[in-house]
Structures are given as structure tokens and as C-alpha cells.
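Visitor: Here is the input, now give the coordinates:
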Amino acid sequence: MERRAGSPALTVKTSSSAPPPLQLGAAVNGRQDTRVLIPPSARAPERPPSDLIWSLSGESMGTTWSVRLVPPMGVAQDEFQAAIEDELARIIALFSPWTPDSEISRFNNAPAGTWKLSDDFWALLNASLDLADDVNGAVDPTLGALVDLWGFGPPGPRDPLNPLPATEEIEAALAVSGWQKLRLNRDAQAAVQAGGMKLDFSGIAKGHAVDRVSARLTEMGATSHLVEIGGELLGRGVKPDAQPWWVEIEAVPDSPAPRTVAALFDVAVATSGDWRRAFVHEERLYPHTIDGSTGRPVDNGLAQVTVFDASAMRADAFATALTVLGPYDGPEFAEAMQIAAHFVERTPRGLVERTTPAFAAMMDEEEA
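Guide: Okay, the predicted model is just below:
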């Protein structure tokens, strides 16, 4: 058995070594226009195989998805639609706790014992545990019991008359949670269900799905495409006019910040926001992101974290982790790891932002 061991017209300030961040909405030279982000690329763009762009869409994973792609010769549009839906159905069958007969649901509801896992489930579980090691549990795939307890899991919202769990309930859920408590049997490709532990991949699931759909499209010859699932995005290649896939970054509601657009050429972007799934009790916001160290929803003032990465899964995971780490430790960790990240914090003087050097480096020179 193995046990896991712990381990663009705003003037934007970078994190730990920079002056304090500016209040959102401040303009440079009296202007407040569009902020343009151009991530670095390791390769030159290649001309797509045709001059067409097909747009596909649907619903899955409790949200919507959309794909824009440049089709290769000989593949029909409905073949791409079917392939995307097939890939998403496979992911649901593996990782959706809302699906009673999914692999994750079978593990979560199983009695104590050692349970053999499929190849795909084993791969994602190990990837998520590696990420948990990297961020000391700030993103953790074993918090399903806590997610359910706070009303964000398959059992649904709590009773409005009793919206907050009791301390003893939180302690009981914490006792069966924690990535360091999950033991693996590598020889058998199995995980040990200690009894009551519930896996939850919500911190990386959408990003993983984006990566998988992108890989499937590439295998089918659509090497230039833009994939979006529930707000997580990944762009590959360029459009027929040689322009990158331009996307607008979601802003905090009521934010006075400038509109931000990014060129997604072989890069993904993910955003974690405290308003997306949350409830309010006695004028306090309880977001769906759970801090595994306390067993409670995060309450550190971060309204939004946006992360760019080559992998949508990693971008998704780091957006969650940096949200948990908070407005001080989050930027410090992101800068040390050279993560391109943008933070928006709620403060007494309004919304303020902070970015890492890797994020600031993407800004158009006229805007930086």
C-alpha cells in the first residue's frame, strides 16, 4: 500500500515584490479600453486545412459546451458532433458523482476495501493527487463528503432553515477527507476506500474534459479549434485568416475593470469565481470552493482567479488552488511557480487586482 506524502488599460501591479495593487477601474492616461493578452508560443502557427469554421454546441456535465473548429477534408460535421458527445459521455461515466452508476459514484458508495480502478480513472486520480501535493492540498480530490455537507454535491442544497452544518458534522466529514489519507495499491491499480471517503474531481473535471475533447478533435484532423466547457477554454492552432482564437475573459459581476481579451494559441484559460455557485446566509457569501484545511467554504476575500496554462486541467486546478490559498499566499505561490495568474480581491476600498509577472508579460506592450 502507498500513502500520499504531503509536500487592457489598467496599470497592473505584479504580486509579491511589487507595490500594492490598484483599485479596479483606474485608467491609464485617462483611458479605459480593452486589455489585450497575448500568451507566448513555442511554435509558429500553421495554415489550417480549410477556409471553413464550423460551430458546434450542446449540454453536458451540468453545463453547456461549444466548439469552433476548422474541418479537415473528408470528415462531416455530424461526425465531430458525435465524437465530442461521445467523449463527454465517457467522462461523465467515469467522473460524475451525479450519475449513480459512474465509476466515481461506485467508489464513493462502496464499503471499506480495496477497489480496482479503470485506466482512465487511475490516471486522473494520480494526476489530481500530484497536483494536491504541489499545492499542499489547496486542490484536493477527496473532499466529496464536505462538498455534499455544504449543499454543493449530488444530495443538493441544504434545508434553507438549517443552511450551515454543525461543527461536529464538519469534523466528521473532515475525518474521512484529505488527499494524504487516500492509500493506493499501485501493483493492483487500486484505491483503498477507508469507509465514507468521497472523491470529487470538480476542481479539475471541466478542464480535463476540455483537454480530452481537444485531443479527440486533433486525432480527427481538426488541428485548429477552440473548445469551451462551462467557461474553461483551450485554443489550438489559428483561424483560416491566421488570426488566433480571441476570447473575452469573464469579469467579476459589476466590476469596473476594462474588458479583457486573450489570444488562445495552444493555451488554455480557466477562471474560478466566488459568485458562480454559492449561497448567502446572514449577509455572508458561502462559495462552493471548499478549503480542505478547515472543512468550510473559502472566506478570504478573493472574488476571482484566472489562470493560463498549456493544459486546461492544470489551469482549472490552479485557479481553484490559488482561490483557496488566498490573496497573499496565492500570488506568492503563483509567482514562485511562474504561473500566469490574475487575482481580483474584495476590499473595503472596492475590487482590487493583482497579477503575477507571467501574466503581466502577456499584456500588449502599449497596455503594460
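Visitor: Just give the closest residue to the most centrally placed residue in the chain, not the sequence neighbours.
Guide: Central residue of the chain (C-alpha atoms, centre = their mean): D316, 2.0 Å from the mean position. For D316, ignoring the flanking residues on the chain, the nearest one in space by C-beta to C-beta, 6 or more residues apart in numbering is G207 at 2.8 Å. C-beta: built from backbone N, CA, C; applies to glycine.
Visitor: Could I get the CA-only coordinates of the helix or strand where that neighbour lies as PDB?
Guide: Per DSSP states H and E, G207 falls inside helix 205-219. The C-alpha coordinates for helix 205-219 follow below in PDB (Å, rounded to 0.1, in the frame of the first residue of the first chain):
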ATOM      1  CA  ALA A 205     -13.200  17.900 -14.200                       C
ATOM      2  CA  LYS A 206     -14.100  20.600 -16.700                       C
ATOM      3  CA  GLY A 207     -10.500  21.400 -17.500                       C
ATOM      4  CA  HIS A 208      -9.900  17.700 -18.000                       C
ATOM      5  CA  ALA A 209     -12.900  17.400 -20.300                       C
ATOM      6  CA  VAL A 210     -11.600  20.400 -22.400                       C
ATOM      7  CA  ASP A 211      -8.300  18.700 -22.800                       C
ATOM      8  CA  ARG A 212      -9.900  15.400 -23.800                       C
ATOM      9  CA  VAL A 213     -12.200  17.000 -26.400                       C
ATOM     10  CA  SER A 214      -9.300  18.900 -27.800                       C
ATOM     11  CA  ALA A 215      -7.200  15.700 -28.100                       C
ATOM     12  CA  ARG A 216     -10.100  14.000 -29.900                       C
ATOM     13  CA  LEU A 217     -10.500  16.800 -32.400                       C
ATOM     14  CA  THR A 218      -6.800  16.700 -33.100                       C
ATOM     15  CA  GLU A 219      -6.900  13.000 -33.700                       C
END
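Visitor: Looking at that helix now, give me its mean pLDDT.
Guide: Across helix 205-219, the average pLDDT comes to 97.
Visitor: what do you get for stretch 262-282?
Guide: Mean predicted lDDT for stretch 262-282 stands at 92.
Visitor: and that stretch, how far out from the chain's middle?
Guide: 7 Å (C-alpha atoms, centre = their mean, to the nearest Å).
Visitor: Nearest spatial neighbour of W98, chain-adjacent residues omitted?
Guide: The nearest residue in space to W98 (C-beta to C-beta, 6+ apart) is P154, at 4.9 Å.
Visitor: Surely the one you found and D148 touch.
Guide: Yes - with contact defined as C-beta atoms under 8 Å, P154 reaches D148; the gap is 6.9 Å.
Visitor: So between those two, which is more surrounded?
Guide: The residue with more neighbours, out of P154 and D148, is D148; 19 against 16, by other C-beta atoms under 10 Å.
Visitor: what about T294, distance to V324?
Guide: Distance of T294 to V324, computed by C-beta to C-beta, to the nearest Å: 10 Å.
Visitor: quick one, which of these two is more surrounded?
Guide: More neighbours surround V324 than the other of T294 and V324, with 26 against 13 (other C-beta under 10 Å).
Visitor: Show the pLDDT at the more buried one.
Guide: So, for V324, pLDDT stands at 97.
Visitor: One more: G30?
Guide: For G30, pLDDT reads 36.
Visitor: Ok, G295 next?
Guide: Listed pLDDT for G295 reads 98.
Visitor: Number of residues surrounding it?
Guide: Using other C-beta under 10 Å: G295 sits among 23 other residues.
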